[in-house]
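Novice: curious how this folds, go ahead:
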Amino acid sequence: MAYRATDDLQGYLKDAVLPRLKLMHKPELILQQGYKSRRNTLTVRQRRRNLANIVFLDSAFDELVNDWIKEHVPNRSLCLYDEDRKTGERFTVRSSHRFNVPELLLPVASDINRVCDWLDNFPLQTVQRVFHILFPATKDWGFVTLDDHDCDDDSFKKFHWTDVNQDHPDIHDLSVVVACQPPWILSDKSMWQFTQLRSLPECTTRPLRGKERLWGKLWDTCVHNQTPFFILTSYQQWAFGMFSRGWTTAFVSPVIDAQSRSPTVMHALLYWLGSALRAPGGFVQPVEVAEPVHNVFSDDESELEIAKPKKELEITPSLSGWSGTSDEPASSAGAAGAAALDVSDRGVDEPHGPDVLFKKSKDPALTWEMIESWRKELPSKRTENESFPPPTFATSVALLPDFLDDSATSDTSDETVGVPCGHWLMSARR
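Specialist: Residues are numbered from 1 along each chain as shown. You can find the predicted model right below:
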């Protein structure tokens, strides 16, 4: 007996591994035919990027993804058709034989546009369908192409997970940039090197290396769209990351292979989209980073306005003696609870430039005194002697009631099949 994917979404996703990408030529042959000169040579504009800290998230990331899937993806029948008859959204990634998912055949990938066809039609379309089922109020959110016609258009393509009907800063902050390079440019080794970089050199006179150019390109793209969450992929390899509020710190996951399980790429995609939308149990910044708010400049070198935090969070001083060079292996973060990560001891003892508001000392007492002095200069409604509240993490769907509340009303086009009384998904108006 064949089942619909919606009869057991959790079971479907467990075995929903991406189909293997079919290439016109082997990657090494494509490199010999002219791509080698452009390999990892993305055009990165000369601008100030104070990305001084790149934190590698270790295997704890896998645990967070798996825990989130178990918590939020149902393993019982939802009484829904696999395909949305109105929008055409459907499941395209095949799973185990017990799920009746029609096979989708695509042409072999001979260039980046064909690779993006595989990316769009398999993981992105399926994840969009699943996410709309899990959270009906996100029906206006989807993947759209980011076409800015830059000089790297033949080697660097972008998708944007966003609200397709609205465009304002609050939406940008919840969106996700999906960047793609074909596997003959972004090789497995290049992807691993990308995740292991520890910092991006600022105002250096030497040419940037491939992994540094890739970080610079992603930084530019995310800053331009004011979107801190990003995903980098060659289709065959995937990495998930985010930037801090002031764009001076980044967090990046281990590389996930297209054929990996527990978690699969589909699991990680759902988790990362939910995290960007601040779903309960999603990823949140493990530490609060003291950073200047005027770090970011737009393309015309004028300052961009950065949203101020709703509350000032306590900053824990670092006691490490890391030298801050980009060649050193990345540190990692371990799990500390279901919704937060602990970062390995590290810090930046050297100043980043004349615009940094303070220089960190190795003496924790002096560091705290400098942070307090800096905070007093910030505009605030608090009294002078009022203590700062401890960091709080997004553990409740109340942060985003319009998108993620199961009880939110939403007119969705899904048709139900024999819906039982009191079905959890029917709390949204249909």
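
Novice: what are the ranges of the helices in the stretch 101-250 of the chain?
Specialist: 112-119, 125-134, 169-174, 188-196, 210-225 (DSSP state H, counting those that start in this stretch).

Novice: can I get the last one as CSV, trimmed to CA atoms?
Specialist: It stands for helix 210-225. The C-alpha trace of helix 210-225 is given here as CSV (Å, rounded to 0.1, in the frame of the first residue of the first chain):
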residue,chain,number,x,y,z
GLY,A,210,39.1,31.7,-2.6
LYS,A,211,37.5,30.9,0.8
GLU,A,212,37.9,34.6,1.8
ARG,A,213,36.3,35.8,-1.4
LEU,A,214,33.4,33.5,-0.8
TRP,A,215,32.9,34.8,2.7
GLY,A,216,33.2,38.4,1.4
LYS,A,217,30.6,37.7,-1.3
LEU,A,218,28.2,36.2,1.1
TRP,A,219,28.7,39.1,3.6
ASP,A,220,28.0,41.6,0.8
THR,A,221,24.9,39.8,-0.4
CYS,A,222,23.4,39.4,3.1
VAL,A,223,24.2,43.0,4.1
HIS,A,224,22.7,44.3,0.9
ASN,A,225,19.5,42.4,1.6
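
Novice: okay, the helices of the stretch 101-250 of the chain in a markdown table with mean neighbour count next?
Specialist: For the C-beta atoms, the positions are set from N, CA and C on the backbone; glycine is no exception. Formatted as a markdown table, these follow (neighbours: other C-beta atoms under 10 Å):
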| stretch | mean neighbour count |
| --- | --- |
| helix 112-119 | 19 |
| helix 125-134 | 22 |
| helix 169-174 | 15 |
| helix 188-196 | 17 |
| helix 210-225 | 21 |
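
Novice: export the ones you listed to CSV and tack on distance to D15 and mean pLDDT?
Specialist: Converted to CSV, those look like this (distance: least, C-beta to C-beta, whole Å; pLDDT from 0 to 100):
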stretch, distance to D15, mean pLDDT
helix 112-119, 19, 97
helix 125-134, 13, 98
helix 169-174, 30, 93
helix 188-196, 23, 96
helix 210-225, 31, 94
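
Novice: format those as TSV; extra columns: distance to R278.
Specialist: Below are the helices of the stretch 101-250 of the chain laid out as TSV (distance: least, C-beta to C-beta, whole Å):
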stretch	distance to R278
helix 112-119	25
helix 125-134	14
helix 169-174	7
helix 188-196	24
helix 210-225	17
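
Novice: figure out which of the ones you listed is closest to T6.
Specialist: Of all the helices of the stretch 101-250 of the chain, helix 125-134 sits nearest to T6, with 6.7 Å by C-beta to C-beta.

Novice: need the contact partners of the closest one.
Specialist: With contact meaning C-beta atoms under 8 Å, 6 or more residues apart in numbering, helix 125-134 is reached by 6, 9, 13, 16, 72-73, 78, 80, 82, 84, 89-93, 138-139, 141-143, 266, 269-270, 273-274, 412, 414, 425.

Novice: so of those, which ones are in strands?
Specialist: The strands, defined by DSSP state E, take in 141-143 from the contacts of helix 125-134.

Novice: got those as CSV, with distance to K158 and neighbour count columns?
Specialist: Formatted as CSV, those follow (distance: C-beta to C-beta, whole Å; neighbours: other C-beta atoms under 10 Å):
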residue, distance to K158, neighbour count
W141, 17, 24
G142, 15, 20
F143, 10, 19
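
Novice: now do the contacts for D414.
Specialist: Applying C-beta under 8 Å, 6+ apart, we find D414 in contact with 80-81, 84, 132-133, 136, 430.

Novice: pull the most distant pair out of the residues you listed.
Specialist: Spatially, the most separated pair among the contacts of D414 is Y81 and P136, at 14.3 Å (C-beta to C-beta).

Novice: so in this structure, where's the weakest helix or strand by average pLDDT?
Specialist: None of the helices or strands of the chain scores lower by mean pLDDT, DSSP states H and E than strand 341-343, at a mean of 38.
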